[in-house]
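[1] Sharing a model prediction with you, sequence too.
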Amino acid sequence: MERGSGLKGDGAAFRATLAGLRLECERQGRDPSEVEVSCSANALVLPDPAATRALIEHIGAARGWPPAHVRDQYVIGTPDEVARRLALTLEWGATHIICSLGGRPVHAMVRCMLDFSRRSLPRLRRFAI
């Protein structure tokens, strides 16, 4: 079985792979709800919308991507925006979320990890309950 592409774009690839996994489980006589499902995401937590826009523009310029493609490749935004986007994976059936946090320079990565742990993660936990 192919693995999903994580949380990219609208999550269609992840959801399609998960649907295929569930069908194969049923075909094999296994309860799909017994399978632990993880989804990966590259998360960048920023303090506010202005910082989010600036980083999207910076990444886009560096990679030659339009802003929409940057948003498709990263879970990027304020703590609330990141938590809401990650919560989608739980709605789709993920039981675990694996996040790659941060970026460069190192001080930005440390800030992102702190913002994620202090600000996004508590918000995400509300979706998981």
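    Cool, got the structure.

[2] Can you classify the closest residue to A41 other than its chain neighbours as helix, strand or coil?
    Spatial nearest neighbour of A41, excluding adjacent residues (C-beta to C-beta, 6 or more residues apart in numbering): L7 at 4.0 Å. C-beta coordinates here come from the backbone N, C-alpha and C atoms, glycine included. Following DSSP: H, G, I helix; E, B strand; the rest coil, we place L7 in the coil state.

[3] One more: C39?
    C39 is classified as strand under three-state DSSP.

[4] now the helices: where do they sit in this structure?
    Remark: helices assigned in the chain by DSSP state H are 12-27, 49-63, 67-73, 79-92, 106-115, 121-128.

[5] As TSV, those helices with mean neighbour count would be great.
    Supplementary listing: these in TSV, determined by neighbours: other C-beta atoms under 10 Å:
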stretch	mean neighbour count
helix 12-27	15
helix 49-63	14
helix 67-73	16
helix 79-92	19
helix 106-115	14
helix 121-128	14
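
[6] Now do stretch 67-87: distance from first to last residue.
    22 Å (C-alpha to C-alpha, to the nearest Å).

[7] follow-up on the earlier one: of the helices of the chain, give the one that comes closest to E36.
    Among the helices of the chain, helix 12-27 comes nearest to E36, with 11.0 Å by C-beta to C-beta.

[8] Below-threshold pLDDT in the chain: ranges please.
    Along the chain, the parts satisfying pLDDT under 70 run over 1-5, 103-107, 128-129.

[9] thinking again about what came up before, want to try TSV for the helices of the chain, with distance to I98 as columns?
    Formatted as TSV, the helices of the chain follow (distance: least, C-beta to C-beta, whole Å):
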stretch	distance to I98
helix 12-27	12
helix 49-63	21
helix 67-73	16
helix 79-92	10
helix 106-115	14
helix 121-128	13
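
[10] Indicate which one of those helices is closest to C39.
    helix 79-92 (4.1 Å).

[11] Summarise which helices and strands the closest one is packed against.
    If contacts are counted by 3 or more C-beta pairs under 8 Å, 6 or more residues apart in numbering; DSSP states H and E, helix 79-92 sits against helix 12-27, strand 38-45, strand 75-77, strand 96-101, helix 121-128.

[12] Against A108, how distant is L44?
    9 Å (C-beta to C-beta, to the nearest Å).
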